[in-house]
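Colleague: What follows is a predicted protein model with its sequence.
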Amino acid sequence: MVKPLILDEDRLFPAEASVRSVARRLFASVRDLPIISPHGHTDPRWFAANAPFPDAADLLLAPDHYLYRMLYSQGVPLDRLRVPGKGPAERADPRQAWRLFASNYRLFRGTPSTLWLNHVFAQVFGIEVALSEQTADHYFDVIGDKLRTDAFRPRALFDRFRIEALATTESPSDSLEHHQAIRESGWSGRVITAYRPDPVVDAEHEDFASAMERFASFTGEDVHSWQGYLKAHRIRRSHFIEAGATSSDHGHPTAATADLSDLEAESLFQRIVGGSFTPAEAELFRAQMLTEMARMSLEDGLVMQIHPGSFRNHNRLIHQQYGRDKGADIPQPTEYVRALKPLLDRFGNDPLLSVIVFTLDETSYSRELAPLAGHYPVLRLGPAWWFHDSPEGMRRFREQTTETAGFYNTVGFNDDTRAFLSIPARHDVARRVDCAFLARLVTEHRLDEDEAHEVALDLAYNLPKQAYKLDRAEPPRLALSA
Amino acid sequence: MVKPLILDEDRLFPAEASVRSVARRLFASVRDLPIISPHGHTDPRWFAANAPFPDAADLLLAPDHYLYRMLYSQGVPLDRLRVPGKGPAERADPRQAWRLFASNYRLFRGTPSTLWLNHVFAQVFGIEVALSEQTADHYFDVIGDKLRTDAFRPRALFDRFRIEALATTESPSDSLEHHQAIRESGWSGRVITAYRPDPVVDAEHEDFASAMERFASFTGEDVHSWQGYLKAHRIRRSHFIEAGATSSDHGHPTAATADLSDLEAESLFQRIVGGSFTPAEAELFRAQMLTEMARMSLEDGLVMQIHPGSFRNHNRLIHQQYGRDKGADIPQPTEYVRALKPLLDRFGNDPLLSVIVFTLDETSYSRELAPLAGHYPVLRLGPAWWFHDSPEGMRRFREQTTETAGFYNTVGFNDDTRAFLSIPARHDVARRVDCAFLARLVTEHRLDEDEAHEVALDLAYNLPKQAYKLDRAEPPRLALSA
Amino acid sequence: MVKPLILDEDRLFPAEASVRSVARRLFASVRDLPIISPHGHTDPRWFAANAPFPDAADLLLAPDHYLYRMLYSQGVPLDRLRVPGKGPAERADPRQAWRLFASNYRLFRGTPSTLWLNHVFAQVFGIEVALSEQTADHYFDVIGDKLRTDAFRPRALFDRFRIEALATTESPSDSLEHHQAIRESGWSGRVITAYRPDPVVDAEHEDFASAMERFASFTGEDVHSWQGYLKAHRIRRSHFIEAGATSSDHGHPTAATADLSDLEAESLFQRIVGGSFTPAEAELFRAQMLTEMARMSLEDGLVMQIHPGSFRNHNRLIHQQYGRDKGADIPQPTEYVRALKPLLDRFGNDPLLSVIVFTLDETSYSRELAPLAGHYPVLRLGPAWWFHDSPEGMRRFREQTTETAGFYNTVGFNDDTRAFLSIPARHDVARRVDCAFLARLVTEHRLDEDEAHEVALDLAYNLPKQAYKLDRAEPPRLALSA
């Protein structure tokens, strides 16, 4: 039986009539606001080349770790889903992969993936039947046909999605050529980069050596001396700022920061680049570099983001056969109170610094993060992240942070996605969940409805723009020109 | 004043009319399904001997740690509740104990114990007045009278409860004689065992030495040699499989696993059986044995269950005077991401292995367990356990695991109880809470109602049957016959 | 635009009509009960001197860390809010500070501060317009005018608030002179003290040496000998009991307890008072002193309160410039199961001891605290504390503790505040949130409405009175008269 695909107008709103009614009114005032996407992982090449996207499987399934991790957990081999591996494994053809996904779509019941995908299917592609084994080919054909039209090229979709600004994330060892190409193309879409120095900061990263080489060649600095290394960061940050960057981003296993003396830092750095260091030294170096990045942010104005707490590549076999970022990253308990203290002791009271902290450990919301952000001028809370970027996850975020940190120490929504077509869906979910939360406060007489309208607007639009300095005509201050 | 005892048809359903209405429809389709009870602690002797149960106090109160722990916390001595101690303490008579319980029944307000007990009182015994000091004797008499009738013998109740399969839990040092007697009796009830080797795996267990002796005598192996010890496990597992077992169960203080070399394992084992080992070595041995059990599961097909995180016998005085399992076990923080890695590195991608993980630390639901189960093919999540086997606990379980692990990496409900008469009540609660959760998803347009019906059926019946391999005509593969 | 200030009669009740209707009925029966405030931080000098309070800024803003921490987190300097510092900084004048607060009042949207303040504005001062930049001066004038009248002096407000008992908190190095003055004044208000020995127990406290000096002078004991030190505690406890104390209070960084031998304790004490000790020794001494305090409670009947888990003075700069208690205390993960065991092994089963445990780490509610309190006769759970003293925080407390510990191992509400005028508001919030929780249980048929009425009364009035022994005509037993 083929079922219709319907996106209900009231989706994600509580059933109770008065709450729903307030939620509807709040949402009506923010649903059509432009999208600010200040942190994500789309590929700038898409907007530089503006080439058509491939088929449904290679656009929507094979790159989406939310999807293939769930299928893999139920015994579906990654090859059959066209997940690219390291070896010459035989991969299923795209239509076969799509059929396999479609016939297992029930696995995603109750997950945000269905919300996002159904939104993409209905709103982006105009499909009117639900995905199932029976409709798999119909989907594959319709999506394929549309993707070959000009209206579905990256820039056309960017405009259609009403994206006002979109940040990608690049490493210091990236050439930024696609961002340059976008700027030189004359296209008006604001696609900017963000500075993610992990590959040249994390000495345990498998690409550390090669990233350091490119880091040297892009900057002309001796990146194996401590001062040259710091200088190279300053130079690359200025390049990134020229490519529109307003933020840096740091994905460390923990939130540890350090504030070593110059001598200690230099000595540690020598052990790091010398290649003979302990895990504790690698961790201390990452910790010290967060404080160094904060120091540079005070010079050049980049907003810092800290994304800690993921145990990367947990599955040894998958890491060996498929490499990084294959759905095998697992959150771990993450401490902030002691971890952030060295950086905060140094810079925590400087209103010119802005540090946005994220977590994969929801226990830190009410216990650590809201109290920290509700006190320190430099701290803001990033939205519910990754595994928690979901209706229940967002609800818990608001319920557990608002009473201590308020709304104004948060920064609105990040879609944080590489799934470009899902960006409107993700912002739609976030706006709906925030409006539902606000509607509950209104009906419980904890907030007036006029205030809730202001807050809804701030969360959907003003806060991300301000927190990521996207409201400034001028780029952030430059520390130096290289 | 004597109050009527009424089980409302809508109990545990949210008050909001549209959600309640969906919940009712979902529940109507699962309420009368047979009960699958794949993990619990009932006494097989009951079904072997089929003797009448004793009086209300000795059946419902004295063995139920949920009840006497609460009364004890408010100052009621355990002796007065007929909790059996080690010494020759004078115990209250059953009627006195029951009266004491009844007059303190208010202590259980808001706890699942009242839900379970009221269900037993009303549905099993047909009592129509609420329990109180005034009705204590009436209860004691009615229950006593009924228990003396044939309709209230164990097998009659088993049939009346529509139990399709019921697993008990035995140690390798158990003779399994009651299971044999059940099989030989010709009675059609499916009462099976489960392999719980803790007494011969936990060298810190007070009965370790005597359990090892029986382990040797049941297998004829030299259980003080590493190879003989492993062989003895294989033999006992085959005996348990003959007694219907489809699963093993492991109740360790932590979730630690290890993957030692043969030499390391053998050397560790010698220290363990030699009796001079550190707590860390006892822990490492338990950890290694989880990996050994996984290896054997790949041979003989038993599903593994890991129940970690309880600090057993926390109250020194109670342990001295009353022994183990007296309501003084307290959960502790439990880590899974690093703990399970050795076992997962070894066997985590083998679709023939199945490991069901439980937790007493709810913080691990969204942070660790759902991400792990949403990736690894071998992992499934056991239901909300012990202190969390309650309406709020089950709701948190679904809210915190579904968005990452989906429904299909969970295994339905375990009643996990020694309170036989409460089994229908516990499954009733679980089905209602799951239907209430699904109804919210439906009314928030996150799941279609036809899908919710399928999920409700899966959670109540199909998933436990599949996850515990109770859907197979044949028993699991045998590793060897002893 | 000036908005009216309205306290809705149904505030904090769920919107769903049947739940709200039950909540209303429950609340109607407890809203006007006298206030029991068994733990807080008001200044006894207020009630001794009965002098008029100062202006709005110095009464409501400058002493309230909930308010200035939020403003500080958004970049407002503390001086401009009249927060007293250590140096001769120029502070804003009161009206300027109040205007600054008023014009940033939106920062508190969704926080309990707005609930408390709006209640104070409307109910205590009769203000009918909402606070904003436009109404700041009106507020400042109205509040200032009223504070100068006799009806707004401390004792008049105490009576108007219907406070039946109010506990302040003093150190052993406090003279208790204000409590003496209150007693001698003939005024009938019951303002009592509580014994908070942290300054003479925490050797890392900056005032340790001077507090020990006063401790010696108030007791005449050699407080630098272990026996003299213990004797001094006994003496001061008896003085506090004479000043009405029924409880002691202990604010330690962790919940650690210890049970050292006499020799070990004496030797540790010598290192402590000798001034050369490690942080671990300071921690061990605090831990040992909790057990010593429990021992003394068994002699003199004081109820113990343990408030662990705050990382005090986290912001180095603020601590240097403004001192302690300036909104920079941050919760940290807090373990109870192992921490409390030494004390519980010693005294955990003695029904004459009562220990009320609090937490800033909500993960411990369902995992550790409810299981502990649901077993040990000496333990009770304090209400949701500090950052969690809020509608969502209180709801989580009930949802996560009730099913295991019930209602009767909790002790009702503590306002725990130094903001005297907000005491009725805080009790109003607590009573409403408890009634809302109970109403949900009633409508979900988990509790009968007549039972819910009893529980609501117990939570609002009976339990705090009993748990803190405020229901006794006689003071607790005296250990000795000094």
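Modeller: That came through, no problem.

Colleague: what sits against whichever residue of the stretch 151-300 of chain A sits closest to chain B?
Modeller: Relative to chain B, the nearest point of the stretch 151-300 of chain A is residue A:253 (11.1 Å; CB to the nearest CB). Every C-beta, even on glycine, is put in place using the N, C-alpha and C of the backbone. Taking CB atoms under 8 Å, 6 or more residues apart in numbering or on different chains as the definition of contact, the neighbours of residue A:253 are A:283, A:286, A:308-312, A:332.

Colleague: List the buried residues in stretch A:21-40.
Modeller: By neighbour count with 16 or more other CB atoms under 10 Å in any protein chain shown, stretch A:21-40 contains the buried residues A:21-27, A:29-30, A:33, A:35-40.

Colleague: these two touch, right, residue A:372 and residue A:337?
Modeller: Yes. The pair residue A:372 and residue A:337 qualifies as a contact (CB atoms under 8 Å) at a distance of 7.1 Å.

Colleague: in terms of contact, does residue A:103 touch residue A:133 like I think?
Modeller: Yes. Look at residue A:103 against residue A:133 with CB under 8 Å: they come within range, at 3.9 Å.

Colleague: near chain B, which residues of the stretch 1-150 of chain A show up?
Modeller: Residues of the stretch 1-150 of chain A lying close to chain B (CB under 8 Å from any CB of the partner chain) are A:3, A:7-8, A:10-16, A:69-70, A:72-75, A:106-112, A:114-115.

Colleague: Drop anything exposed from those.
Modeller: Among the residues of the stretch 1-150 of chain A next to chain B, those buried by neighbour count (16+ other CB under 10 Å) are A:10-16, A:69-70, A:72-73, A:107-112, A:114-115.

Colleague: Provide the secondary structure category for the residue of the stretch 151-300 of chain A closest to chain B.
Modeller: When classified by DSSP: H, G, I helix; E, B strand; the rest coil, residue A:253 comes out as coil.

Colleague: Return the distance of it relative to residue B:257.
Modeller: Between residue A:253 and residue B:257 the computed distance is 21 Å (CB to CB, to the nearest Å).

Colleague: just residue A:133 next, same as before
Modeller: Using CB to CB, residue A:133 is found at 38 Å from residue B:257.

Colleague: same deal with residue A:85?
Modeller: Note on residue A:85: its distance to residue B:257, by CB to CB, is 27 Å.

Colleague: repeat for residue A:316
Modeller: 14 Å.

Colleague: now the helices for the stretch 51-200 of chain A?
Modeller: Assigned by DSSP state H, counting those that start in this stretch, the stretch 51-200 of chain A shows helices spanning A:56, A:65-73, A:94-103, A:112-119, A:136-147, A:154-160, A:177-185, A:198-201.

Colleague: who does the fifth one touch, helix- and strand-wise?
Modeller: This means helix A:136-147. Helix A:136-147 is packed against helix A:56, helix A:94-103, with contacts defined by 3 or more CB pairs under 8 Å, 6 or more residues apart in numbering or on different chains; DSSP states H and E.

Colleague: How is residue A:32 assigned, secondary-structure-wise?
Modeller: Taking three-state DSSP as the rule, one finds residue A:32 in the coil state.

Colleague: give me phi/psi at it?
Modeller: In terms of degrees, to the nearest 10, the main-chain angles of residue A:32 are phi -100, psi 10.

Colleague: wait, what's in contact with it?
Modeller: Residue A:32 is in contact with residue A:162, counting by CB under 8 Å, 6+ apart.

Colleague: do the same with residue A:127
Modeller: For residue A:127, the set of contacting residues under the criterion of CB under 8 Å, 6+ apart consists of A:5, A:121, A:138-139, A:142-143.

Colleague: can you tell me which of these lies nearest to residue B:461?
Modeller: Residue B:461 lies nearest to residue A:5 out of those, by CB to CB, at 28.7 Å.

Colleague: between residue A:316 and residue B:257, which one's more packed in?
Modeller: Set side by side, residue A:316 and residue B:257 show more neighbours around residue B:257, with 28 against 15, by other CB atoms under 10 Å in any protein chain shown.

Colleague: Any stretches of the stretch 51-200 of chain A with poor pLDDT?
Modeller: Of all residues in the stretch 51-200 of chain A, those with pLDDT under 70 make up the ranges A:88-89.

Colleague: Where does it get nearest to chain C, which residue?
Modeller: Scanning the stretch 51-200 of chain A for proximity to chain C using CB to the nearest CB identifies residue A:110 as nearest, at 21.0 Å.

Colleague: for chain B, what are the nearby residues on the stretch 201-350 of chain A?
Modeller: If contacts are counted using CB under 8 Å from any CB, the residues of the stretch 201-350 of chain A sitting beside chain B are A:311, A:314-318, A:327-333.

Colleague: Now for those, which sits with the most neighbours around it?
Modeller: Ranking these using other CB under 10 Å puts residue A:330 first, with 28 neighbours.

Colleague: correct me, but that residue touches residue A:309?
Modeller: No. The criterion here is CB under 8 Å, and residue A:330 misses it with residue A:309 at 9.8 Å.

Colleague: related to what we said a few turns ago, so which of the helices of the stretch 51-200 of chain A comes closest to residue C:443?
Modeller: Among the helices of the stretch 51-200 of chain A, helix A:112-119 sits nearest to residue C:443 (CB to CB), with 29.2 Å.

Colleague: any idea which element the most centrally placed residue in chain A lies in?
Modeller: Geometric centre of chain A, nearest residue: residue A:416, 2.1 Å, by CA atoms, centre = their mean. Here residue A:416 is covered by no helix or strand, with elements defined by DSSP states H and E.

Colleague: residues in contact with it?
Modeller: With contacts taken as CB under 8 Å, 6+ apart, residue A:416 has the following neighbours: A:39-41, A:385-386, A:389.

Colleague: hmm, back to that, dump the contacts of residue A:253 into TSV; add distance to residue A:360 as well.
Modeller: TSV is the format used below for the contacts of residue A:253 (distance: CB to CB, whole Å):
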residue	distance to residue A:360
A:283	17
A:286	17
A:308	8
A:309	4
A:310	6
A:311	10
A:312	12
A:332	8
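
Colleague: How much space separates residue A:468 from chain C?
Modeller: The spacing between residue A:468 and chain C, counted by CB to the nearest CB, to the nearest Å, is 17 Å.

Colleague: so that residue sits right up against residue A:164, yeah?
Modeller: No. When contacts are counted by CB under 8 Å, residue A:468 is not listed as touching residue A:164 (11.6 Å).

Colleague: Need the overlap of contacts for the two.
Modeller: Here residue A:468 and residue A:164 share the contacting residues residue A:36, scored by CB under 8 Å, 6+ apart.

Colleague: Comparing those two, which shows the higher neighbour count?
Modeller: In this comparison of residue A:468 against residue A:164, neighbours counted by other CB under 10 Å, the higher total goes to residue A:468 at 28 against 16.

Colleague: State the distance from the more buried one to residue C:221.
Modeller: As for residue A:468, its distance to residue C:221 is 61 Å (criterion: CB to CB).

Colleague: go on, residue A:380?
Modeller: As defined by CB to CB, residue A:380 lies at a distance of 52 Å from residue C:221.

Colleague: which of these two has more neighbours?
Modeller: For residue A:380 and residue C:221, the more surrounded residue by other CB under 10 Å is residue A:380, and the numbers stand at 24 against 21.

Colleague: So that one sits against residue A:373, correct?
Modeller: Yes. Contact between residue A:380 and residue A:373 holds when scored by CB under 8 Å: they sit 6.1 Å apart.

Colleague: quick one: common contacting residues for these two?
Modeller: Taking CB under 8 Å, 6+ apart as the contact rule, the neighbours common to residue A:380 and residue A:373 are A:357, A:409-410.

Colleague: Pick out whichever of these sits closest to chain C.
Modeller: Nearest member of those to chain C, counting by CB to the nearest CB, is residue A:409, at 5.8 Å.

Colleague: Run a quick neighbour tally on that closest one.
Modeller: Using other CB under 10 Å, residue A:409 has 26 other residues around it.
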